[in-house]
Each structure stands twice: as C-alpha cells, then as structure tokens.
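# Predicted model and sequence follow; I will ask about them next.
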Amino acid sequence: MSWSDLLNDNATQVIGAILGIVFISCILLEYLMSWWLKKNYVRSEYLIINVSVAFLQQLTDFVNKGVFILAFVYVQKNWSVLQWLELTEIKAVNPFSPFSPLMIFNYFMVLVIADFCQYWLHRFSHEINILWAGHVTHHSNEEYNLGVAVRQNALEGIYTWVFFLPLAFLGIPWQMFVTAYAVSLLWQFLVHTQWIKKLGWLEHVMSTPSHHRVHHGRNAQYIDKNYGAFFIVWDKLFGTFEPEVEAVDYGITAPLQSQNPLWSNIHHHIDIARRVWHAQTLREKAKWLFGLPSKIYTNENVNAAQETSFTLLPLKKLYVFLNTVFVAVGAFYVLNYCVERSIWIGFIGMGAFVVVCFSIFTGLLEQKKWADYAEVMRLLLIGTLGGGLVASTEVLGIALVLSAIFMMCLTVFVASEYTKETKNVTF
C-alpha cells in the first residue's frame with residue numbers, strides 16, 4: 001500500500017467523515033442544550049478553544065495516521081503469527097453484506113483486543129511523565145463535556161500507534177482494526193458528558209460516563225483511575241478502578257496559566273526539558289522523564305495558578321467564534337489540497353498560519369493586550385494577500401478582501417465596546 005492509496009482509501013474517508021459529522025453535531029447540540037437549560041456544562045470560550053486544539057491535532061494526524069497504517073500493514077503482511085505458522089490470511093469483509101454472525105464476532109474480538117491495548121496506552125500515558133506530557137492536554141480543561149473529548153495533543157499520535165501493533169502481529173487486517181476502533185472512538189467520545197448519571201448493569205462492564213468522569217477528576221482518590229476506553233473490566237482486573245462517589249473536580253492539579261492551544265500542547269514538554277537540563281544526576285534526569293507524575297510532582301505547584309479569566313463581551317466571543325470557523329474551514333480545504341498534491345511546504349506554511357491564528361483568538365478571549373495588536377496585523381495581512389490574489393485568482397482574492405474588510409469593521413466595533421471591561425483586562 002502506497003501513501004497515495006492510503007489517502008484515497010474509501011473506507012477510511014467514509015469512517016472519518018461519519019465520525020467528524022457526529023462529533024461536530026453532538027458538540028454543538030450539547031452547547032445549545034446547556035445554554036437553553038442553563039446547565040452551565042459548556043462555556044463558549046472553552047468550546048472555541050477545545051475545537052482549536054482538536055484542529056491542531058488533526059494537522060499532525062495527516063502524517064501520524066498514515067505512518068501508523070503503513071507500519072501496521074507492513075507488520076501484518078511480513079511479521080504476523082499467521083505468516084510464521086503458514087496459516088491462511090484473514091480477509092476483511094463486510095459482516096452485514098451478506099449478514100455473517102461469525103464475522104461480527106471476529107470484529108467484536110478485534111474490539112476487545114484493541115481495547116486491552118488502549119488500556120495500557122492510556123495507563124502508561126498517566127504513569128510515565130514523558131507520555132503524560134502528550135496526554136495532559138486532554139485533561140487541562142476545567143470542564144467536562146463532549147468538547148473535551150476532541151481536545152487531544154498534536155504530538156501524542158507520534159507514539160500512540162505503537163501500542164496497537166500487537167493486532168498486526170496477530171494478523172488482523174488494518175481495515176478490521178480501523179472499523180472496530182471507530183466504534184470504540186465513538187463510545188469514548190460519548191462518555192464525556194455530565195448529562196448521563198448511571199447506566200445500570202452496564203456500569204459493571206462498560207466504561208460509562210460516570211466512570212470516565214472519575215478519570216477526569218483531580219480529587220485525590222480519583223487521580224490515575226479508570227483508564228478503560230470501551231470496557232471497565234480491565235481497571236477492575238488490574239486494580240485501577242474507582243467508583244464515582246463525591247462530586248468530581250475537573251482539571252489538572254496545576255491549572256494552565258493560559259489556554260493558548262499551542263501552549264496547552266507543549267507546556268509539559270518544556271517543563272520536562274527544563275527539569276532534565278537542571279538535574280544533576282542521571283537518576284534524577286530519569287525521574288523527570290519516566291517517573292509517575294502524581295508522585296514526582298507531589299506538593300509542588302498544586303493549584304498554583306488561578307482559572308483563566310475570559311472576556312465577558314458576547315460580541316467579542318461571537319467575533320472569535322466566527323473567525324475560528326472561517327480559518328478552520330479555509331485551512332481544511334487548503335491543507336487537503338496540499339496533501340493530495342504532496343505540497344508539503346504549503347502544508348507546513350498553512351499549519352503554522354493556523355497555529356498563529358488560534359493563538360491570537362485565544363489571546364482575545366483571555367483579554368491579552370498583545371492579541372489586539374496581533375489581530376489587527378493578521379487582518380492587514382489577509383487583506384494584503386487577498387488584494388494580491390485578485391488578479392490571478394479573482395474569486396479567492398475578492399473573498400479574502402471582503403472577509404478582511406468585514407473583520408476589520410467588526411474589530412473596530414468590538415474595540416468600541418472594549419472599554420466596558422477595562423477593569424478585567426490583563427497584560
């Protein structure tokens with residue numbers, strides 16, 4: 001299988017599209033329900049930031065998923081147990097056309113094995129500091145909702161795929177793994193909710209919303225518990241299960257000083273690098289690289305930072321939301337274009353532009369003065385670029401110019417309202 005075949009594989013495109021539509025629809029529906037019923041489960045600021053973080057993760061997933069599947073296929077074709085025993089290769093077929101109970105059972109077994117691998121990946125991501133650096137982004141939110149489910153680190157996918165290679169060694173086709181794991185991903189997404197309290201007998205077998213709320217808690221008894229993704233039985237077998245009893249306090253013990261999407265992805269990596277650099281012995285360096293975070297950070301920086309203070313202006317939030325959508329949609333098409341034609345310089349350039357834009361938008365939400373100046377510069381850049389493109393690509397150029405003019409006017413309007421929150425502005 002070549003990289004081009006992978007990018008154009010119909011099965012992965014369909015599964016990705018379905019999951020994407022379901023995720024976005026459910027996130028928006030939950031936000032509207034929370035607002036309408038005054039539940040305060042979803043704050044608009046965190047919704048925007050979580051989606052921004054998720055988009056950055058998708059930038060690296062273009063590469064990470066490709067590397068994973070290519071490695072998976074190579075191992076399955078050349079190093080599987082079936083090869084060693086000279087047994088017939090497993091074929092990935094649709095279990096519903098025609099209906100095949102045996103094949104459905106096979107898919108279920110793939111889900112069980114993948115979930116076992118996921119348990120250990122998740123557990124190690126909490127118990128090894130350098131792996132926690134990638135996973136902490138998912139937990140560094142003061143809320144618990146469906147938006148948090150898509151809040152994933154852009155660097156984590158570099159190594160997570162290694163934990164699923166045992167399925168390739170067993171000779172399982174990658175299509176079966178992707179299909180079965182898509183079911184797991186959908187379930188993992190849906191358990192990130194406060195709307196559902198308990199699920200009866202399923203609490204004994206499945207990883208339910210109640211179990212996963214515990215996992216996201218920073219209460220002392222909830223830390224490093226309930227790693228199960230689809231099943232909770234692994235936690236009960238390996239002693240990491242904790243039921244939900246007292247109210248869950250969501251987030252990490254040392255809250256972020258800024259929810260900047262780039263900072264939320266790299267802050268713990270920077271902390272580890274700083275500590276390893278200053279460590280005097282190899283033993284101490286190893287501690288900061290591979291130690292258990294909940295122990296090596298004991299009594300250090302616990303609750304050291306206050307929760308982020310966001311703007312109170314509804315119009316400013318709307319402005320950031322509209323710009324986030326504009327940048328995300330435009331970047332999605334440009335990035336896909338670059339990937340399909342292997343224009344990697346363009347891909348990197350657009351990716352960097354997205355990171356800068358999302359950082360500015362978060363700065364606006366967090367009332368950072370530098371973000372106001374940076375936003376004006378961003379709009380001027382878009383307008384200049386659009387003006388330059390009018391001659392060569394008329395439709396795109398006009399769209400960019402009109403967008404820049406519209407956003408500049410809205411910026412001026414928002415700026416006129418800015419004095420109303422002067423007392424809340426931070427520098």
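Perfect, thanks for sending it. The structure displayed is predicted, hence computed values, not measured ones. Numbers count the residues shown, from 1 in each chain.

# At which residues are the helices of the stretch 151-300 of the chain located?
Taking DSSP state H, counting those that start in this stretch as the criterion, the stretch 151-300 of the chain carries its helices at 157-160, 165-169, 174-190, 209-215, 233-238, 261-278, 282-290, 293-296.

# which one of those has the most crowded surroundings?
The highest mean neighbour count among the helices of the stretch 151-300 of the chain, using mean count of other C-beta atoms under 10 Å, belongs to helix 209-215: a mean of 23. All C-beta spots, glycine's among them, are computed from the backbone N, C-alpha and C.

# On the pLDDT front, check the residue most central in space within the chain for me.
What sits nearest the mean C-alpha location of the chain, by C-alpha atoms, centre = their mean, is Gln152, with 2.1 Å. Gln152 carries a pLDDT value of 95.

# For Asn323, see how far away it is.
Gln152 is 22 Å from Asn323, where distance means C-beta to C-beta, to the nearest Å.

# do the same with Gln118
36 Å.

# and of the helices of the stretch 151-300 of the chain, who's closest to Glu86?
helix 165-169 (15.6 Å; C-beta to C-beta).

# Which secondary structure elements does the closest one sit against?
helix 44-78, helix 101-127, helix 174-190 (3 or more C-beta pairs under 8 Å, 6 or more residues apart in numbering; DSSP states H and E).

# From Ser140, how far out is the residue nearest to the centre of the chain?
Here Gln152 is placed at a distance of 12 Å from Ser140 (C-beta to C-beta).

# what's the answer for Phe361, then?
Using C-beta to C-beta, Phe361 is found at 18 Å from Ser140.

# So for the two, which sits in the more crowded spot?
Phe361 (25 against 22; other C-beta atoms under 10 Å).

# how does the chain divide up, domain by domain?
3-238, 314-424 (automatic domain parsing).

# hey, least reliable of those domains by pLDDT?
When I compare those, domain 314-424 is least confident, with a mean of 80.

# wait, isn't Val150 in contact with Phe55?
No. With contact defined as C-beta atoms under 8 Å, Val150 does not reach Phe55; the gap is 9.1 Å.

# got a list of what the closest residue to the residue nearest to the centre of the chain other than its chain neighbours touches?
Nearest non-adjacent residue to Gln152, counting by C-beta to C-beta, 6 or more residues apart in numbering: Gln57, 4.5 Å away. Counting by C-beta atoms under 8 Å, 6 or more residues apart in numbering, Gln57 touches 150, 152-154, 156-157.

# Looking at those, which are in strands?
Assigned to strands by DSSP state E, none of these qualify.

# could these go into TSV alongside distance to Tyr319?
Below are the contacts of Gln57 laid out as TSV (distance: C-beta to C-beta, whole Å):
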residue	distance to Tyr319
Val150	23
Gln152	26
Asn153	27
Ala154	25
Glu156	31
Gly157	32
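
# ok, so of those residues, who is nearest Val183?
Ranking those by separation from Val183, with C-beta to C-beta as the measure, puts Val150 on top at 17.0 Å.

# What distance do you get for the residue located most distally from the centre of the chain to Gly171?
Distance from the C-alpha centroid of the chain, by C-alpha atoms, centre = their mean, peaks at Glu86 (40.2 Å). For Glu86, the distance to Gly171 (C-beta to C-beta) stands at 12 Å.

# Glu340 too?
32 Å.

# show me the contacts for the closest residue to Asn226 other than its chain neighbours.
Distances taken as C-beta to C-beta, 6+ apart put His215 closest to Asn226, at 4.2 Å, once the chain neighbours are dropped. Contact analysis of His215 by C-beta under 8 Å, 6+ apart lists 222, 225-227.

# Equivalent analysis for Leu292, please.
Here Leu292 is in contact with 127-129, 224 (C-beta under 8 Å, 6+ apart).

# ok, of those residues, which come out buried?
Neighbour-count burial (16 or more other C-beta atoms under 10 Å) applied to these gives 127-129.

# follow-up on the earlier one: what's the helix or strand for the residue farthest from the centre of the chain?
Per DSSP states H and E: Glu86 is located in neither a helix nor a strand.

# Could you pull up phi and psi at it?
Note on Glu86: backbone dihedrals following degrees, to the nearest 10 are phi 60, psi 50.

# measure it to Phe230 for me?
33 Å.
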